[in-house]
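In: Next one to model:
(2 chains)
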Protein chains: 2
Amino acid sequence: MSAPAGGDLDRLSLNQETLKQWSLPDLVDGCAAAGVTRVGLWRAPVQEYGVERAARLMRDSGLTVTSLCRGGFFTASEPKARAAALDDNRAAVDEAAALGTGTLVLVSGGLPEGDRDIAAARQRVADAIAELAPYAAGRGVRLAIEPLHPMYASDRCVVSTLDQALDIAELFPAGQVGVVVDTYHLWWDDRAPKAIARAGAGGRIACFQVADWVTPLPEGVLLGRGQLGDGCVDLRGFRELVDGAGYAGDIEVEIFSPALWARNGREVLAEVVDRYRRHVL
Amino acid sequence: MSAPAGGDLDRLSLNQETLKQWSLPDLVDGCAAAGVTRVGLWRAPVQEYGVERAARLMRDSGLTVTSLCRGGFFTASEPKARAAALDDNRAAVDEAAALGTGTLVLVSGGLPEGDRDIAAARQRVADAIAELAPYAAGRGVRLAIEPLHPMYASDRCVVSTLDQALDIAELFPAGQVGVVVDTYHLWWDDRAPKAIARAGAGGRIACFQVADWVTPLPEGVLLGRGQLGDGCVDLRGFRELVDGAGYAGDIEVEIFSPALWARNGREVLAEVVDRYRRHVL
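Out: This next block holds a predicted model:
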């Protein structure tokens, strides 16, 4: 039943949050059975399992870790909170290096309580990355700034468009700071195609993630992503845009969906693989 | 207790959905008591009361109707649905004219079921406005294209930024088609200041609406707006931007909030007036 490793799945990476019901060993076994050779990991489940132990599991299984989610959340203006965020980000860099991935995804953080100056918060993101980028580069880790959908601008990510992410990334060498192109966050933006071309031309696309957009959005709007093909995003169109911009890297499926988490993991992964073939390739 | 009509409230308009608990006669009485002389109306409560009867009530009370919400929802691709939407929009124009307002707010509509081509849907909005604008102009009504926050792009409004709204509006004479600047929808966008200047320079600002952004967003994300000052929007900054762009018109308070609807209407309006003075003026 399962496809061979490589072949038409050679770019597919499974972000582990898509199969949140799985432990790391489940993930290894499930991916092997489905012919999936790449995974994106998250800090919390990796820390819970043990970073070194997780790194060994990945190496022993032959799985490639395409990214670690996530650093960031450095929009605090208060000096102590700011220093703590930078410390935590250096730890995230170390974890990425230990796991053997060269990509640490950064979600910038939102507006501090009572703050109404989003431009200043965006500037603090750039300032924090200026401190973090050399540290990451020294450990072989590239920072990947992820613009999140504008509905997260106040409480999660003041970087809302790909152009904003690029405006920050381009302050640094392309090898040190790139961007994430995620269809869930960018699908609505008529300026995204031009921004993707800009990102590709500068060698800035560090990560390409896919999920579909479905409504109604749930309370808090965090866990309402759609299985590939269930929503209104032209996923293939986006894949062609990043390919056309010169990107030839991984295509990471990252769907936060309690409906998928409630199901049998192997069935969900088989469905992801099928939808990936039909709607992304 | 109540402020005199005019004075520092001379630009304040109360959108009736902010006080959804009020009937139209309640609205008339409540505004008179609070010194508010302008209101924005919605089609459904006006139709329920009777359009002519509502128009007479407005005239007799001396209230100025600053806008009617809303026409639009013309993204259907199926010819019959498209014709029905245009018919309904002509009726909305007639209602606006009867109520004595020169501004009909348009919310474009989302993507039809199964449709993934948002660019084509946006083109259909422009096509529909081309049919509607001369009809509206003949009745003294200007169409006001409202960009809605990108979180509504699939199910409510494919026009997500002020620049997109202007791209469509500028296909027509400024006296026929303008745009709505609503802080709730635009606050996150770093390109909004430039777009507001563009809108002002072209005489396109037909309506300026204020509401604050608060989280967490509720399921469906429709009824989660914040009272002025309760959220993270720089409301005064936006008012200064539209003023700086040459706009001297009404400032309409439009807050969809079950928390406000559950309270005593006169208390809510007194709070709105107080917040307006503190956070907008």
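In: contacting residues around residue A:213?
Out: For residue A:213, the contact set (C-beta atoms under 8 Å, 6 or more residues apart in numbering or on different chains) comprises A:183-184, A:187-188, A:225-226, A:231-233, B:154. Placement of C-beta: from N, CA and C, glycine included.
In: likewise residue A:76?
Out: With C-beta under 8 Å, 6+ apart, residue A:76 has these contacts: A:82, A:84-85, A:109, A:112, A:124.
In: so the residue lying closest to residue A:18 once chain neighbours are set aside, which of the three states?
Out: Nearest non-adjacent residue to residue A:18, counting by C-beta to C-beta, 6 or more residues apart in numbering or on different chains: residue A:255, 4.7 Å away. Using DSSP: H, G, I helix; E, B strand; the rest coil, the structure places residue A:255 in coil.
In: if I look at residue A:255, how far off is chain B?
Out: 16 Å (C-beta to the nearest C-beta, to the nearest Å).
In: now chain A, which segments are flagged as low pLDDT?
Out: In the predicted model of chain A, residues A:1-6 satisfy pLDDT under 70.
In: Kindly recompute the last result at 90.
Out: Residue ranges of chain A with pLDDT under 90: A:1-7.
In: thinking again about what came up before, nearest to residue A:46, of the contacts of residue A:213?
Out: For the contacts of residue A:213, the residue nearest residue A:46 by C-beta to C-beta is residue A:225; the value is 21.2 Å.
In: tell me the contacts of the closest one?
Out: Contacts of residue A:225 by C-beta under 8 Å, 6+ apart are A:184, A:211-214, A:254-257.
In: Which of those residues sits closest to residue B:92?
Out: Nearest to residue B:92 among the contacts of residue A:225, counting by C-beta to C-beta, is residue A:213 at 28.8 Å.
In: can you give me phi and psi for the closest one?
Out: The phi and psi values for residue A:213, taken as degrees, to the nearest 10, are phi -100, psi 120.
In: I figured residue A:97 was touching residue A:137, is that so?
Out: No - using C-beta atoms under 8 Å as the test, residue A:97 is too far from residue A:137 to be in contact (11.0 Å).
In: ok, which of the contacts of residue A:76 also contact chain B?
Out: The subset of the contacts of residue A:76 lying close to chain B, counting by C-beta under 8 Å from any C-beta of the partner chain, is empty.
In: Any chance of the residues you listed in a markdown table with secondary structure and neighbour count as columns?
Out: Below are the contacts of residue A:76 laid out as a markdown table (DSSP: H, G, I helix; E, B strand; the rest coil; neighbours: other C-beta atoms under 10 Å in any protein chain shown):
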| residue | secondary structure | neighbour count |
| --- | --- | --- |
| A:82 | helix | 17 |
| A:84 | helix | 13 |
| A:85 | helix | 20 |
| A:109 | strand | 21 |
| A:112 | coil | 15 |
| A:124 | helix | 20 |
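In: Kindly indicate which of the residues you listed lies nearest chain B.
Out: Distance to chain B across those (C-beta to the nearest C-beta) is lowest for residue A:112, with 9.4 Å.
In: distance of the closest one from residue A:76?
Out: Applying C-beta to C-beta, to the nearest Å, the value for residue A:112 to residue A:76 is 6 Å.
In: Spell out which parts of the stretch 151-281 of chain A neighbour chain B.
Out: So the stretch 151-281 of chain A meets chain B at A:151, A:153-155, A:160-161, A:164, A:187-190, A:213, A:215-221, A:231-234, A:237 (C-beta under 8 Å from any C-beta).
In: Go ahead and confirm residue A:126 touches residue A:171.
Out: Yes - the criterion here is C-beta under 8 Å, and residue A:126 meets it with residue A:171 at 6.2 Å.
In: Right, I'll leave it there.
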